[in-house]
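In: below is the sequence, then the predicted model.
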Amino acid sequence: MKPFILVITFLLTFISLKLVGQSNMPTILIEKNRAEVVDQILEERLEVLLPELMKRNNIKMWVIISREYNEDPLLKTMLPSTWLSARRRTILLFFDKGEGAEIEKIAIARYDVGKLLKGSWDVDVYPDQWDALVEIIKERNPENIGINISGHFGLSDGLVYTEYAQFMDALPKEFHDRVISAEPLAINWLETRSQKELEIYPAICRIGHEIINEGLSEKVIHPGITSTEDVVWWLRDKVRELGLDTWFHPTVSVQREDAENFDHLRTFSKKPDKQIIQQGDLLHVDFGITYLRLSTDQQQHFYVLKEGETKVPEFLNKAFANSNRLQDILTSNFKEGRTGNEILKLSLEQAKGEGIQASIYTHPIGLHGHAAGPTIGMWDQQQGVPGNGDYPMFYNTAYSIELNTSNEIPEWNKIIRIMLEEDGYFNENGFHYIDGRQKQILTIPRNAASY
């Protein structure tokens, strides 16, 4: 059995259907094994994925330039596990030599960048690093040279002004009109998931779900004592305890039978500093982790049972069902080549036709949390997002299905919002959730099946 398969088998050993009161936390790898997985994934991406993407976008040479501690965000996805940043100035160059030939992978550096990018700067011959780069370009004479500049996507706009100016100053004039934006290639590189990434993503999403499941339970929450901020910092501590990272600060918010309005801003910038969780509260959590360079983004709801209650009130269940239905509407409109704005428009129109008051703000997920690819609405841009929303959907890409429905609750004399977010994958067979999705509000304390 190949080493990668051994690691993946180890990682996935404890993944199974959730049982009441039973934790299904996957085994989390030690640092050495994590590094092995990261490097194996990177090798597959560079050897298998990159050639396909360069040909798809007809970019013959791709030049990525960064300086230490001011890295192009894309460069960091190409560094081996033992490189935590660029070193001095790091230049990576990929050259498509033509049909049937392997992509040439070069580091214009004094040393190799991992096992796949060989250092090709002989300082005795070319004391200046730019001269070494230019010589390689002249020898290969590419039809075009892609660099990371972009007007819409920050993740593909990582070439800083100083490096751009020095590069163009060093590059012979006859090559200037061959320099183009590598935006489509850069976005494809970031958004496309490899086979090995798909093998490990369910375990990563399960870890996120398991942390939420414990943090939003009677193990952590004591009504009348525990505050929303207590739960937030429990989540942060749990992530640290497990040796993981979080790419954003979690939020825990409350909706209850009171006069307070609840909207998207209140969940984040306008929420009270500290709220004591009470019986009868509807809790909402927004939480994400990063592990093995892949990110999650998940939002779920929990209900704190009142004295004598054994289940979630039916009016909250009906509101929750509306958001589940909106998820189905949205993902049914996923189609290769369809832009984020087209998907948004179709989904909102369909939801309106079904009497659902919807808001959709779905984004790609992967090597970054708010990752590269088609933006499908923003909470404050429900008419479409120029630029990012005009980007088309491709197969083998992952998304955080993020949205909410507004629901009038006569029992509380107010409107509540059911805000859900789950990670999923889109390919030729359609869309599916990587580790399932929440289909019912969970109770605190638990007295029913969680999923």
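Out: Yep, it's here.
In: point out where this structure drops to low pLDDT.
Out: Within the chain, the stretches with pLDDT under 70 are 1-23, 86, 110, 114, 116, 119, 121-126, 262-273, 448-451.
In: any idea how it splits into domains?
Out: Domains of the chain are assigned by automatic domain parsing as 60-181, 194-444.
In: what's the most buried one of these?
Out: domain 194-444 (a mean of 19; mean count of other C-beta atoms under 10 Å). Any C-beta I mention is one placed from the backbone N, CA and C, and that applies to glycine too.
In: quick one: end-to-end distance for that one.
Out: From the first residue to the last, domain 194-444 extends over 38 Å; the measure is C-alpha to C-alpha, to the nearest Å.
In: and stretch 401-416, by the same measure?
Out: Distance between the boundary residues of stretch 401-416 (C-alpha to C-alpha) amounts to 19 Å.
In: ok, Trp412 to Leu403 distance?
Out: Here the distance between Trp412 and Leu403 works out to 22 Å (C-beta to C-beta, to the nearest Å).
In: what does Leu190 give?
Out: Distance from Leu190 to Leu403, by C-beta to C-beta: 23 Å.
In: can you check Gly98 too?
Out: Here Gly98 is placed at a distance of 45 Å from Leu403 (C-beta to C-beta).
In: what do you get for Ile409?
Out: 19 Å.
In: check Tyr361 too.
Out: 7 Å.
In: Leu185 in helix, strand or coil?
Out: Classification of Leu185 using DSSP: H, G, I helix; E, B strand; the rest coil returns helix.
In: what about it, how many neighbours?
Out: 23 (other C-beta atoms under 10 Å).
In: how close does it sit to Val304?
Out: Leu185 sits 49 Å away from Val304, going by C-beta to C-beta.
In: got it, and Asp435?
Out: Counting by C-beta to C-beta - Asp435 and Val304 are separated by 25 Å.
In: who are the neighbours in contact with the residue lying closest to Phe394 once chain neighbours are set aside?
Out: Nearest non-adjacent residue to Phe394, counting by C-beta to C-beta, 6 or more residues apart in numbering: Glu336, 6.4 Å away. Residues counted as contacts of Glu336 (C-beta atoms under 8 Å, 6 or more residues apart in numbering) are 392-395.
In: I'd like those laid out as a markdown table, including distance to Pro127 and secondary structure.
Out: Shown next, in a markdown table, are those (distance: C-beta to C-beta, whole Å; DSSP: H, G, I helix; E, B strand; the rest coil):
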| residue | distance to Pro127 | secondary structure |
| --- | --- | --- |
| Pro392 | 45 | strand |
| Met393 | 47 | coil |
| Phe394 | 43 | coil |
| Tyr395 | 47 | coil |
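In: tell me the one of the residues you listed nearest Glu197?
Out: Tyr395 (14.1 Å; C-beta to C-beta).
In: wait, isn't the closest one in contact with Phe426?
Out: Yes - shown here, Tyr395 and Phe426 form a contact pair, counting by C-beta atoms under 8 Å, at 6.6 Å.
In: following element in sequence after the helix of greatest length in the chain, please.
Out: The residue-count maximum for a helix in the chain (DSSP state H) belongs to helix 195-215. Going down the chain from helix 195-215, the next helix or strand is helix 228-241, by DSSP states H and E.
In: next, the angle from that following helix to helix 195-215.
Out: 140 degrees (axes from the mean of the first three to the mean of the last three C-alpha atoms, to 10 degrees).
In: ok, and what's touching helix 228-241?
Out: Counting by C-beta under 8 Å, 6+ apart, 211-212, 214-216, 220-221, 245-246, 249-254, 271, 273-275, 277, 283, 285, 287, 289 sit against helix 228-241.
In: repeat that for stretch 423-430.
Out: 193, 198, 201, 205, 296-298, 331, 334, 365, 393, 395-401, 431-435, 437.
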